[in-house]
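In: show me the folded form of this:
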Amino acid sequence: MKARYPLEAIEALPHHSVFFDANILIYIFWPTTTKNKISESYSRILAKMLRKHFSLFTNTLVLSEVINRCLRLEYDKYIQNEAIDFMKFKFKDFRSSPEGINVQTDIFNMVKEQILCNFNIVDKCFNNKNITELLTINELDFNDKLIISNCIENNYLLITNDKDFIHADIDIFTSNPVLLAS
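Out: Numbers count the residues shown, from 1 in each chain. Predicted structure coming up:
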């Protein structure tokens, strides 16, 4: 099993190439509440990494997860705040509504102005053999397997709060106590 690093150990990290998972990008750039300690912690870590010139990475798969999850969060808030029947006002209806278009504009601006200017986008070209090797049934979803593969190939430290990575054989930087205990 590879190493697990708490956020307090940033000074001792052996890696300076860090791959950001979707949940961390959402915590930092699209927090769901104004007083979220997890969001604040990861925001401070990102600021330190930028000051120390860490190499920051993510990929298009993660960006897709971020964009889609942020839009879904806003749809859920809209349905709840407006007391709208989600059976009558589907997610796709929201996405093409004026409110949904405004949200997408905000999300795309966040990606362009905050993520793309600070992160390198690194995608791995998978072949049939690579994909076949990932088609195993275990606790990881397919997207997580793709992220792990990318981290292994490039020797990235993964920053995530996702406990699904508990058995991942890669170094992880996190505030999640479940991951830290693994």
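In: just the strands in the chain please.
Out: In chain order, the chain shows strands spanning 4-6, 17-20, 55-58, 120-121, 157-159, 172-174, with DSSP state E as the criterion.
In: distance to Cys151 for those strands - can I get that in TSV?
Out: Where C-beta positions appear, they are placed from N, C-alpha and C, glycine not excepted. What follows is the strands of the chain, written out as TSV (distance: least, C-beta to C-beta, whole Å):
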stretch	distance to Cys151
strand 4-6	14
strand 17-20	5
strand 55-58	9
strand 120-121	14
strand 157-159	5
strand 172-174	9
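In: want to throw these into TSV with mean neighbour count?
Out: TSV is the format used below for the strands of the chain (neighbours: other C-beta atoms under 10 Å):
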stretch	mean neighbour count
strand 4-6	17
strand 17-20	23
strand 55-58	21
strand 120-121	12
strand 157-159	25
strand 172-174	24
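In: how about those strands in JSON lines, adding distance to Asn150 and mean pLDDT?
Out: As requested, the strands of the chain are arranged in JSON lines below (distance: least, C-beta to C-beta, whole Å; pLDDT from 0 to 100):
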{"stretch": "strand 4-6", "distance to Asn150": "19", "mean pLDDT": "96"}
{"stretch": "strand 17-20", "distance to Asn150": "7", "mean pLDDT": "98"}
{"stretch": "strand 55-58", "distance to Asn150": "8", "mean pLDDT": "98"}
{"stretch": "strand 120-121", "distance to Asn150": "11", "mean pLDDT": "97"}
{"stretch": "strand 157-159", "distance to Asn150": "9", "mean pLDDT": "97"}
{"stretch": "strand 172-174", "distance to Asn150": "14", "mean pLDDT": "97"}
